[in-house]
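# Any chance you can model this:
(one chain, ligands or ions: 1)
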Amino acid sequence: MHALTHDGVTLHILDQGPRDGRVVMFGNSLGSDLRLWEALIPHLPEGLRLIRFDKRGHGLSDCPPGPYSIEDLSGDAAAICDALGLRDVTFIGLSIGGLIGQSLAARRPDLLRALVLMDTAAKIGTPEMWNERIANVRRDGIASISDAILARWFAPGFAEAHPAEFALCRNMLERGPDEGYAGCCAAIAGADQTEATRALTLPVMAMTGADDASTPPDLVRATAELCGAAFHEIANAGHLPCYEQPKAVAALLKAFLDKT
Ligand SMILES: O=C(O)CC1=CCC(=O)O1
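Down below sits the predicted model:
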């Protein structure tokens, strides 16, 4: 386990694989931590250096008082790259992790070689929607809205077919600090990467679950078109295809890594 203190916030980092391997870094979604990628990792090509981290307010990382901005979060990711001496990074960002990736690519192009946008967009939802969610979480806690969140995370039938995996995801979501969740909701509310993403010149690939109700295929396709990225829809997956369809996601990633 590695830790880095940046901007007064201690971040939890997992650095796996050969030091001289191609660097692939993962950005997790709202309400999830670095364990989210566990199912995907065995399907990835060998020899990669895999960097995972818990964004502030999630997992084992510190939870400073919110609100956070997307620049705070991409600044944390950049600090990890600088501290570990990472360059030529392929960043794979899921949902808010994809907003972090877009912000990182725009602000620190020297760090990245390629970008994967997974179930994400240049702008997700509206400030009103996120402010309502923040108010609910601050008043009643994440567990008061977790049923609705989990319904968007998975394709219909997943919870019934995989009750144990579904229960673990509920635990991961509900056991995170309300403050960290609300802080990241504020970051999403304030993020509009449209112009920055239109200006990106690095190779980008986008994908989303066909049943994603949070960032539906049309929204993700529109973001892919901004930066000339190939777009893929993953069957039988909701908002977390890396968890629900890890083999299909790994196949797309392998083809992209081979090309870039
Ligand atoms: O909670 C959701 O609706 C899904 C989601 C939106 C942004 C993110 O990171 O997750």
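# Quick check: the gap between the residue of the chain positioned farthest from its centre and Arg133.
Going by CA atoms, centre = their mean, the residue of the chain most distant from its centre is Arg139, 25.7 Å out. Look at Arg139 and Arg133: by CB to CB, to the nearest Å, they are 11 Å apart. Glycine gets a C-beta too; all of them are placed from N, C-alpha and C.
# right, is stretch 234-244 up against the ligand?
Yes. Residues of stretch 234-244 contacting the ligand under CB under 6 Å from any ligand atom: His239.
# got the CA positions of that stretch in CSV?
Extracted C-alpha coordinates of stretch 234-244, given in CSV (Å, rounded to 0.1, in the frame of the first residue of the first chain):
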residue,chain,number,x,y,z
ILE,A,234,-21.5,-2.9,-23.8
ALA,A,235,-24.5,-5.2,-23.7
ASN,A,236,-26.0,-6.3,-20.4
ALA,A,237,-24.3,-3.6,-18.3
GLY,A,238,-25.5,-0.5,-16.4
HIS,A,239,-23.2,2.2,-15.0
LEU,A,240,-20.4,-0.1,-13.9
PRO,A,241,-19.5,-2.3,-16.9
CYS,A,242,-16.0,-3.0,-15.4
TYR,A,243,-17.8,-4.8,-12.6
GLU,A,244,-20.7,-6.3,-14.5
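# buried residues in stretch 240-253?
Of all the residues in stretch 240-253, those buried under the rule 16 or more other CB atoms under 10 Å are Leu240, Pro241, Cys242, Tyr243, Glu244, Gln245, Pro246, Ala248, Val249, Ala250, Leu252, Leu253.
# Give me the distance from stretch 61-76 to the chain's centre.
Centroid separation for stretch 61-76 versus its chain: 14 Å, with CA atoms, centre = their mean, to the nearest Å.
# Oh, that last question was meant for stretch 41-59, not what I typed.
Computed by CA atoms, centre = their mean, the separation of stretch 41-59 from the middle of its chain amounts to 11 Å.
# Quote the end-to-end distance of it.
18 Å (CA to CA, to the nearest Å).
# for stretch 192-201, same thing?
Its start and end residues considered, stretch 192-201 measures 18 Å (CA to CA).
# and for it, what are the contacting residues?
With contact meaning CB atoms under 8 Å, 6 or more residues apart in numbering, stretch 192-201 is reached by 70, 99, 102-103, 105-106, 109, 115, 122-123, 223, 226-227.
# buried ones in that stretch?
Here stretch 192-201 shows Gln193, Ala196, Thr197, Leu200 as buried, counting by 16+ other CB under 10 Å.
# Can you give me the distance of the first one to the ligand?
Distance, Gln193 to the ligand, by CB to the nearest ligand atom, to the nearest Å: 13 Å.
# quick one: contacts for the residue of the stretch 151-260 of the chain found nearest the ligand?
The nearest approach of the stretch 151-260 of the chain to the ligand comes at Ser214, 3.8 Å away (CB to the nearest ligand atom). Listed by CB under 8 Å, 6+ apart, the contact set of Ser214 reads Ser95, Asp119, Ile124, Arg152, Trp153, Gly238, His239.
# Before I go, just wanted to say thanks for your time.
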